[in-house]
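Colleague: Need coordinates for the following:
(4 chains)
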2 protein chains.
Amino acid sequence: MLRPTSFDVAERAGVSQSTVSRALRGSPGVNAETRARVATAARELGYVVDRHASSLRLKSSETIALVTICRPGEDRSAINPFYFALLGSIAAATSARRFNLLVSFQESSANFRADFVASGLADAMIVIGTTSNRAAWDYFAQAQASGLDFVCWGSPGSPFHWMRSENDIGGQLAADHFIASGRRHIAFIGPQQSPQRQFDERRDGFLATLAAHGMTAAVAEPPAAADRHAQGVAAVQALLAAHPETDAIFAASDMLALGVLQGLKDAGRRIPEDVALIGFDGIRAGTLADPALTTLEPDIDAAGEALVAMALEDDERTRSGTRIPVHLVVRGTA
Amino acid sequence: MLRPTSFDVAERAGVSQSTVSRALRGSPGVNAETRARVATAARELGYVVDRHASSLRLKSSETIALVTICRPGEDRSAINPFYFALLGSIAAATSARRFNLLVSFQESSANFRADFVASGLADAMIVIGTTSNRAAWDYFAQAQASGLDFVCWGSPGSPFHWMRSENDIGGQLAADHFIASGRRHIAFIGPQQSPQRQFDERRDGFLATLAAHGMTAAVAEPPAAADRHAQGVAAVQALLAAHPETDAIFAASDMLALGVLQGLKDAGRRIPEDVALIGFDGIRAGTLADPALTTLEPDIDAAGEALVAMALEDDERTRSGTRIPVHLVVRGTA
DNA sequence: CTGAAAGCGCTTACAG
DNA sequence: CTGAAAGCGCTTACAG
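Modeller: Modelled structure (predicted):
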């Protein structure tokens, strides 16, 4: 018998099929001895409940769908590791609830897809990934307009249910750290026109704290480039040309910061002696840099847990505006 | 109406429910006009086929389950990025077939699970991840012994259906590169007792090529440490103590190589002037290192595609022993 | 070319 | 506490 059903278990245990179902689900009001008999029969037959039949009946699949938006044409290994880390923590939060996780990487209309909940495949959907793929976010905005609900990381512009880091506090911590270590020629490098509001928040928290100390900062927009790392390399070149006295840089993300680090070395600056550098995200590659990158690290575990809880609405949290705490991890660059 | 069914579409299109199903599935022998009417009705209602009902009927879920084995207690962001890249390429191969991908990170008996196919949730299962988690691979070996089938990356010891890189060729390319660049005091750093046969294959291809040129290499086993990076740092310290003349190192994986790179810098060696270094895996972090890591890069896209094809047995490939091509990517360290 | 009906394998309200 | 039966929403063999 290739795949035993609950009827097979019933026959072997000498009970009805409905009793098998109740016993295996742990329904109350099943005789302990009957329950044990059923359990034994099920084990002996290698019986596993058919999830399609079960989900069809229960109208719930105990599954979360996670969509990760990529840059068009982007190599899978080039995806920002921050999103992989987030994927991992979402998987952990999902698994803790004994839910399944369906993942989908989407980059163009060739594979845009938002019907996971509509098809019953998932109970809720989470969307993460680059904000730079406008077409993708437009697609999901449209899907939302047609009544589809989901939760996302960041802030791709539309009135999605979102969750973000405490970006302003991160900016503030970066500024405090630079000020305390005596830096005086400070700069911020980050996208200025990005739909990713998180970058603005980091910048604004940073600038506001500097202003409170009577200081200002040069603000540099990275030029267009293949990826954030390349943007960082190019941005710091332009920055040093315009402001050679720069002695501290806060970069809006770690990948950008890693590019900035490379650009600073190329320009012959010593880090952190000549220029201090702080990134944002806490990606693993930062710990491997030389010197290791000082960064603002969001609590990724908390983010995964909160995203899943929010998607499932299984607690009383509001469905939008949740903030994930960040803390400054001081390593070699600042 | 919260979730329209095929009966609702049928009513609106003025046909029977069976015709709706046939029209939407593209079954032959449906009048073109009828088909169009059904399509319109479905669109207007926002109808999406219920995958549970469909899968239950078809006895196929068009889903692949991907299990990634982690180190117990390992932080999600500490997972070797090679496996995330592999996950990404498996997702791409899955999506190209219009299949779904269910992912699961497993680390201890608290969340070991192999019933994805038995429960009907997936049509096939792929297992990747660290070979260092013996308990996990034992669990899957046991599952296989009970008749469960799957395909895995690497070589966790048991007679699984596996796929690996062309490790011997990689080792050979590394040796050729060192010899051609005039290195004479060559070493290999990698686990010697690992169930991961891939490490042995890399070493053996490397040593055999050196031997063919009348050369030998010091072979260093990394000491136990928190992760591969830490192992690399520690291993190179010991190696330099025993063989201070070392001028070239082949490390069994990139994470190990990145640790070796750090250890070499700590020891004051210039790279590549004093010591040349080659890794294996082609992870992104290698490109961010300073100098950028020279490495053997497996064709990850081919690996994802081949794993999915193998899992689905949808081509004539043998179910075991497939090799993925690797090529030498020369960057800064060698 | 289309419809009525059976059946995929469950869960649970209803009877006993 | 347990069983017989309905029904979740599809797909397709069978009739027409």
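Colleague: For the rest of this, base every contact and every neighbour count on C-alpha atoms.
Modeller: Will do.
Colleague: Just the pLDDT at A:V326, thanks.
Modeller: A:V326 carries a pLDDT score of 97 in this model.
Colleague: Give me the nearest residue to it, chain neighbours excluded.
Modeller: Using C-alpha to C-alpha, 6 or more residues apart in numbering or on different chains and skipping the chain neighbours, the partner closest in space to A:V326 is A:P298 (4.0 Å).
Colleague: To what extent is that neighbour buried, counted in neighbours?
Modeller: Number of residues near A:P298 (other C-alpha atoms under 10 Å in any protein chain shown) recorded here: 23.
Colleague: so what's it up against?
Modeller: By C-alpha atoms under 8 Å, 6 or more residues apart in numbering or on different chains, the contact list for A:P298 reads A:165-166, A:281-282, A:324-327.
Colleague: Now A:A91. Its backbone dihedrals?
Modeller: phi -60, psi -40 (degrees, to the nearest 10).
Colleague: Correction: the previous question concerned A:D290.
Modeller: According to degrees, to the nearest 10, A:D290 has phi -130, psi 110.
Colleague: Surely it touches B:D290?
Modeller: Yes. In this structure, A:D290 is within contact of B:D290 by C-alpha atoms under 8 Å, at 7.0 Å.
Colleague: follow-up on the earlier one: quick check: the residue nearest to A:V326 vs A:T130, distance?
Modeller: Counting by C-alpha to C-alpha, to the nearest Å, the gap between A:P298 and A:T130 amounts to 17 Å.
Colleague: Show me which positions of stretch A:4-17 end up buried.
Modeller: Residues A:4-6, A:8-10, A:12-13, A:17 are the ones in stretch A:4-17 that count as buried (16 or more other C-alpha atoms under 10 Å in any protein chain shown).
Colleague: that older thread, would you mind checking which of the contacts of A:P298 is nearest to DNA strand D?
Modeller: If you rank these by distance to DNA strand D using C-alpha to the nearest atom of the strand, A:I324 comes first, at 37.4 Å.
Colleague: What ranges does the stretch 1-150 of chain A have for its strands?
Modeller: Along the stretch 1-150 of chain A, counting by DSSP state E, counting those that start in this stretch, strands occupy A:63-69, A:100-106, A:124-129.
Colleague: what does the stretch 201-334 of chain A put close to chain B?
Modeller: Applying C-alpha under 8 Å from any C-alpha of the partner chain, we find that the stretch 201-334 of chain A lies next to chain B at A:258, A:283-285, A:288-290.
Colleague: Identify the farthest-apart pair in the residues you listed.
Modeller: Distances among those were taken as C-alpha to C-alpha; the most separated pair is A:I283 and A:D290, at 14.3 Å.
Colleague: More neighbours: those two, which one.
Modeller: Taking A:I283 and A:D290 together and counting by other C-alpha under 10 Å, A:I283 has the greater number of neighbours (25 against 19).
Colleague: A:A145 and A:P159, how far apart?
Modeller: Plainly put, A:A145 is 10 Å away from A:P159 if you go by C-alpha to C-alpha.
Colleague: Pull up the residues of chain A that are close to DNA strand C.
Modeller: A:3-7, A:17-19, A:21-22, A:24-25, A:48-50, A:53-54, A:56-58 (C-alpha under 7 Å from any atom of the strand).
Colleague: In PyMOL, select just the buried ones from these.
Modeller: Typed into PyMOL, the next command selects the buried ones out of those (criterion: 16+ other C-alpha under 10 Å):
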select buried, chain A and resi 4+5+6+17+19+21+24+48+49+50+53+56
